[in-house]
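predicted structure and sequence below. I'll ask about it afterward.
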Amino acid sequence: MNTYLKYQSAGIQFMVFLAFAGGFFLINSLFSAYFFSDINAVILDKNAVITADLITKFKLAQLVSAVVSFVLPAFLFGYYSSPKSLPYLGIHKHLSGVILVSVFFLFLSIQPLVGYLGNVNAGFKFGSMQAYIEQAEALYNRVLKVFLQMHSVGDLLTNLLIMALLPAIAEELFFRGSFQKALLRLSNKPWLAILVSASVFALLHGTFLKIIPIFTLGILMGIIYHVTRNLWYTIILHFINNGFAVLAVYYADKSEWLRKMSDDNIPVPLYGAIVSLVIVIGILFFMKKESDKVFPAAITNEENDYIA
């Protein structure tokens, strides 16, 4: 009798994933409260002095959080789901050069749409919750400001690792490779799995004033994973997106355009967003067509662990 989770009911597999996710989230919370409590105190105090040692400790806390909260539950979910744990999560050896180039153009093409949605989101009013949300947003921006302090190329490379590469790998393993996959098995509705995983992805970023563009990027990466069945493409897109944001902050003083980019302060007209959306949809259809050459429909089944 095979005991791998993929041979159990979709409901059991989903509950096990939630147990892993909740358990490791609790472990990370306890670990952070014990080892990194001083960081939270400084962040909450607007007048606190931010030292170099504190910034280093803050980055270490982010690394630990990403590994414990996202990487470990994803890997355990893959390990107990299939004897081919990495392919089950979407980590495959082969990559298509054509699709990789498409990922880069997809990043460029979606920027006007994301920018437009960001401008719309920034203008939202939340009624009685407005003061609380603005306070939370101020805290979110303070965390970013602390984290993104860079005075050398070494600081830049460190932030590219901690802010761009690590979250790209950790969050894609968790949200697309595990959560979206478990939801797809449970619902058998790709659109629902993509929407729910993108919603949780956006909410956990902790910023309501940027939640729509983050949600949109979550949907995009969910679609990419679904049509390519390969998590590397979403990891690469995620890394490019985060990496560009880090570079924009680092070079903000050298370029007015980059300064506006780092402040999310570039207005985008509606027609620009519409053109952006049309191009993105076209690229996604192209990626699906190219991906089917790599993974023919005949082998995209549970036995081969290719289904997303």
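Now that the structure is in, tell me what you want to look at. Everything quoted here is computed from the prediction, not taken from an experiment. Numbering: from 1, shown residues only.

tell me, how many residues neighbour the nearest residue to residue 69 once chain neighbours are set aside?
What sits nearest to residue 69 in space, not counting adjacent residues and going by CB to CB, 6 or more residues apart in numbering, is residue 28, at 4.7 Å. Where C-beta positions appear, they are placed from N, C-alpha and C, glycine not excepted. When counting by other CB atoms under 10 Å, one arrives at 19 neighbours for residue 28.

kindly report the same for residue 128.
6.

could you do the one 3 residues further on as well?
Residue 131 is surrounded by 9 other residues when neighbours are defined as other CB under 10 Å.

which SSE is it in?
helix 130-147 (DSSP states H and E).

picking that back up, so what secondary structure elements neighbour the helix or strand hosting the residue nearest to residue 69?
Using DSSP H and E, residue 28 maps to helix 10-35. Helices and strands touching helix 10-35, by 3 or more CB pairs under 8 Å, 6 or more residues apart in numbering; DSSP states H and E, are helix 52-66, helix 72-81, helix 181-187.

quick one: closest of these to residue 4.
helix 72-81 (6.1 Å; CB to CB).

may I have that closest one exported as CSV, CA atoms only?
C-alpha atoms of helix 72-81 as CSV (Å, rounded to 0.1, in the frame of the first residue of the first chain):
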residue,chain,number,x,y,z
LEU,A,72,10.4,23.9,5.1
PRO,A,73,6.7,23.3,4.9
ALA,A,74,6.9,23.2,1.1
PHE,A,75,9.7,20.7,1.1
LEU,A,76,8.0,18.5,3.7
PHE,A,77,4.8,18.6,1.7
GLY,A,78,6.7,17.5,-1.4
TYR,A,79,8.6,14.8,0.5
TYR,A,80,5.4,13.2,1.9
SER,A,81,3.4,13.7,-1.3
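
can you tell me the closest non-neighbouring residue to the spatially most central residue of the chain?
Residue closest to the mean C-alpha point of the chain, counted by CA atoms, centre = their mean, is residue 171 at 4.8 Å. Nearest residue to residue 171, sequence neighbours excluded (CB to CB, 6+ apart): residue 70, at 5.8 Å.

looks like the residue nearest to residue 69 contacts residue 64 (just checking).
Yes: the pair residue 28 and residue 64 passes the contact test of CB atoms under 8 Å, sitting 7.3 Å apart.

which regions of this protein lie under the pLDDT threshold?
1-3, 40-50, 255-265, 295-308 (pLDDT under 70).

break down it into its strands, ranges please.
For the chain, no strands turn up when DSSP state E is the criterion.

related to what we said a few turns ago, number of residues surrounding the residue nearest to residue 171?
Counted with other CB under 10 Å, residue 70 comes out at 26.

that one and residue 14, how far apart?
To residue 14, residue 70 is 17 Å away according to CB to CB, to the nearest Å.

now do residue 56
Distance from residue 56 to residue 14, by CB to CB: 38 Å.

so for these two, which sits in the more crowded spot?
Neighbours per residue (other CB under 10 Å) separate residue 56 from residue 14, with residue 14 holding more: 19 against 11.

which ones are touching the more buried one?
182, 183, 185, 186 (CB atoms under 8 Å, 6 or more residues apart in numbering).

the same query, at a cut-off of 7 Å, please.
Residue 14 makes contacts with 182, 186, as judged by CB atoms under 7 Å, 6 or more residues apart in numbering.

no further questions, thank you.
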